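Undergrad: next input, structure requested:
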Amino acid sequence: MRGLSALRAVRSASARAAPFRTHPQLAGFAPLNRSLLLPNTVRDSRSFATSPPTLSTATDNAASLKDIIAESSHLVLSINRAMQIVIDQENWDEMKAELKSLESEIKSDTIWEDDAQRAITVQKRISVLESRLKEFTSFQERVQESVVMLDMAKEEEDAALCSELQGDLEELNRELDKYSMQILMSGPSDKSSCFMEIRAGAGGTEACDFASILSRMYEKWGLSEGYKVTVLDQVKGDTAGFKSVTLQFAGAFAYGWCKYETGVHRFVRISKFGEVKRQTSFAAVQVFPLDTDSAEANAQSFEDLDIPAGDIKFETMRAQGAGGQHVNKTESAVRITHLPTGIVVQCQNERSQHQNKATAMQMLRARLQQRHKIAQDQLKADTHSSLPENAWGSQIKSYVLQPYQMIKDLRTGYERSDVDNVLEGDLQSMLEAAVLHFNKRK
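TA: Purely as a prediction, here's the structure:
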């Protein structure tokens, strides 16, 4: 967003502009006298350029200006609400005090000689604090500037200037919404990539088909949000769909967004298979962080996650898929069973058995790490490791296609009736509602 000097420059340019310059925000209003627009050969003539605007045009321009100002004011309210979430969620004054203390400590002449490891830790923490405070301060300044600029634009009563400011406010609102959601994701693994397992439950073929629908929905959501999505494993159903699917979302805050999808999902529609009647089916979703890039996760004792060789059973098999030089011809797929817990992971995405084994070990470590965290912290159901029965009465989300259309999160109460859009991957608003619900500061 430009500063006040830029605003004055825009105002000056606006005053020098041709009297019939229009803005895209006003293009939809018929009283812009589109019927008076002359052919190209005549449009630039002096007589047309100097024609005074009609009373109808002036009235409609005033009405459109009023609408733009009203919408811009609404955007400012939304921006202030998001900024308040950011302010309330963190103790920014304490963070500034910590940064000042660490900067004084790192200036010591003897810190590197006395404790080099401590010096490295302090430097890393300073970098994190500086980055967070810089981003916070930047948003604070932009929000304050937006209020000043809107007031000045109102005084000028310039529709083009107000419309341009409205575009800046919309961009700030989007950025601040995303930032406020990320601030709410304060868990030690929330910034990590993640694995997602989807398993068909009660409902037979319908449940397998529902598992494939969920897999496609989450995959399309991930791609739309800029994540690298990889299908690590698929076990086909007997008739249609999948008995289980394993996805990997690579990117910042993937776990923070996906972790509240853990639970049983219920699906109601007219069956596509066998007898044509309404049928209810279920699928279970589990999400595990991939903490390879998480400093907080790596800080905990590695011995807690060490896996003795005797506790692991390796199996190889031919991969399921469309075929190829290696798929279905060599035993490249890998299944790993952790004998003490009974946890089973499987990967068949890569052509190399070694690559599949490495990925499967990552999945196993993620599962064991999640289990270890839950055992220590006694986390609530939103991040539980063991799911309730994958059937009626245990669901967290309901997907109803018949007799009415509604997708509802039964924990937050958030619902949407545009089921086609949601199943096509447009579920960001539902994820945001879950993040807000489970991360409200108490």
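Undergrad: show me the shaky parts of the protein.
TA: For the chain, applying pLDDT under 70 flags the ranges 1-63, 291-306, 320-330, 372-393, 440-442.
Undergrad: which SS state does the spatially most central residue of it fall under?
TA: Closest residue to the average C-alpha location of the chain: residue 257 at 5.4 Å, with Cα atoms, centre = their mean. Under DSSP: H, G, I helix; E, B strand; the rest coil, residue 257 falls in the helix class.
Undergrad: list the contacts of it.
TA: When contacts are counted by Cβ atoms under 8 Å, 6 or more residues apart in numbering, residue 257 touches 185, 225, 431, 435. Every residue, glycine included, has its C-beta placed from N, CA and C.
Undergrad: recalculate using a threshold of 6 Å.
TA: Contact analysis of residue 257 by Cβ atoms under 6 Å, 6 or more residues apart in numbering lists residue 431.
Undergrad: next one: phi and psi at residue 104?
TA: Dihedral pair for residue 104: phi -70, psi -40, per degrees, to the nearest 10.
Undergrad: where's it relative to residue 98, distance?
TA: Residue 104 sits 11 Å away from residue 98, going by Cβ to Cβ, to the nearest Å.
Undergrad: who has more neighbours out of these two?
TA: With neighbours defined as other Cβ atoms under 10 Å, residue 104 and residue 98 compare such that residue 98 has more, 14 against 9.
Undergrad: burial of the closest residue to that one other than its chain neighbours, as a residue count?
TA: Ranked by Cβ to Cβ, 6 or more residues apart in numbering and with sequence neighbours excluded, the top spatial neighbour of residue 98 is residue 129, at 6.4 Å. Here the number of neighbours of residue 129 (other Cβ under 10 Å) works out to 17.
Undergrad: would you agree residue 129 is in contact with residue 100?
TA: No. With contacts counted by Cβ atoms under 6 Å, residue 129 stays clear of residue 100, the gap being 9.6 Å.
Undergrad: how about the strands in the stretch 301-442 of the chain?
TA: With DSSP state E, counting those that start in this stretch as the criterion, the stretch 301-442 of the chain has strands at 312-317, 333-338, 343-347, 395-400, 406-409, 415-416.
Undergrad: out of those strands, which is closest to residue 237?
TA: Relative to residue 237, the nearest member of these by Cβ to Cβ is strand 343-347, separated by 15.7 Å.
Undergrad: and the longest strand belonging to the chain, which strands flank it?
TA: In the chain, assigned by DSSP state E, the strand with the most residues is strand 278-290. Next to strand 278-290 in the sheet, as set by DSSP bridges, lie strand 193-200 (antiparallel), strand 263-270 (antiparallel).
Undergrad: highest mean neighbour count out of the ones you listed?
TA: strand 193-200 (a mean of 24; mean count of other Cβ atoms under 10 Å).
Undergrad: can you name the next helix or strand after that strand?
TA: Downstream of strand 193-200, the next assigned helix or strand under DSSP states H and E is helix 205-224.
Undergrad: give the other helices and strands that that next one contacts.
TA: Applying 3 or more Cβ pairs under 6 Å, 6 or more residues apart in numbering; DSSP states H and E, one finds that helix 205-224 makes contact with strand 193-200, strand 228-236, strand 242-250, strand 278-290.
Undergrad: reformat those as JSON lines; add distance to residue 312.
TA: Formatted as JSON lines, these follow (distance: least, Cβ to Cβ, whole Å):
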{"stretch": "strand 193-200", "distance to residue 312": "18"}
{"stretch": "strand 228-236", "distance to residue 312": "17"}
{"stretch": "strand 242-250", "distance to residue 312": "18"}
{"stretch": "strand 278-290", "distance to residue 312": "17"}
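Undergrad: how much space between the residue nearest to the centre of the chain and residue 157?
TA: Going from residue 257 to residue 157 by Cβ to Cβ gives 43 Å.
Undergrad: by residue count, which helix of this protein is the longest?
TA: Determined from DSSP state H, the single longest helix within the chain is helix 116-156.
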